[in-house]
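In: sequence first, then the predicted structure:
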Amino acid sequence: MTEQPIASAEAAALQPTARRRTLDVLAAARHPLDAQAVATALDVHVTTARFHLDQLEAAGLVQRRAARENRPGRPRMVYALSASLREADAREQLIEVLARALSDSVTDEVAPGKSAAVHAGERWADEIVEEESASARSVPADPVDELVGVLDSLGFEPEVGDGEILMRACPFRTAARDRPDVVCAVHRGLIARMLGDEPDGKGAQRLHPFVEPELCVVTLPGRA
């Protein structure tokens, strides 16, 4: 009885083409975006972008939160896809990564002791870095900040602690519990490569999945 109004709200929010494009912009972003970034991507006024974001948030399709920044003053508000949409998008990305890993396994050389899933995660990280390098960014991001942004975009809701990253919202939790040797291994490879670990498989141990029922931890370099 409660599902129909939600479905109706989602459908109503998505009626204008601009709001569908707004979701596309957020889905393609590696980091949550503020209203100005969305406005620039859509080539509209920032007030118009905020209106569409508010409508999508009201329908439960977008989440808003304060940006994680170490600077004085009022924090920027940033937007990302809702947890349900990010989970669906993350599943599609994982399926694509694993499919490519299978097709490339015949020609790629995997280091001894490293699983094909870890190697697939490394390849995924390489693609992300290439995309970032092709962007307008002129100053390379700190590897930890870059990793946190990627994990955030995937739906892990990461928090940087004392020498570690806490992830309390794994969008792959069901599949990861069933097949951690595949799902968690892909993320081990992704994390190790983005932190600049040597490709010998040792850095892949930085990820500690499900140390608590809803918590995974990444140990940062120097604190392993």
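Out: Great, that's in hand.

In: Thr219 - how many residues pack around it?
Out: 17 (other Cβ atoms under 10 Å). No exception for glycine: its C-beta is placed from N, CA and C like everyone else's.

In: tell me who's in contact with the closest residue to it other than its chain neighbours.
Out: Nearest residue to Thr219, sequence neighbours excluded (Cβ to Cβ, 6 or more residues apart in numbering): Arg206, at 4.8 Å. Neighbour list for Arg206: Arg188, Ile191, Ala192, Leu195, Asp197, Val218, Thr219, Leu220, Ala224 [criterion: Cβ atoms under 8 Å, 6 or more residues apart in numbering].

In: go again using 7 Å as the cut-off
Out: With contacts defined as Cβ atoms under 7 Å, 6 or more residues apart in numbering, the neighbours of Arg206 are Ile191, Ala192, Leu195, Val218, Thr219, Ala224.

In: what does Val218 give?
Out: Glu164, Ile165, Ile191, Arg206, Leu207.

In: wait, a strand at it?
Out: Yes - using DSSP: H, G, I helix; E, B strand; the rest coil, the assignment for Val218 is a strand.

In: where does pLDDT dip in the chain?
Out: 1-16, 69-71, 84, 86-114, 132-141, 198-204, 222-224 (pLDDT under 70).

In: where along it do the helices fall?
Out: In the chain, the helices defined using DSSP state H lie at 3-13, 17-28, 35-42, 46-58, 83-104, 116-133, 143-154, 173-178, 183-194.

In: quick one, which of these gets closest to Glu214.
Out: Proximity to Glu214, assessed across those by Cβ to Cβ, is greatest for helix 173-178 (7.7 Å).

In: please name every helix or strand in contact with the closest one.
Out: helix 183-194 (3 or more Cβ pairs under 7 Å, 6 or more residues apart in numbering; DSSP states H and E).
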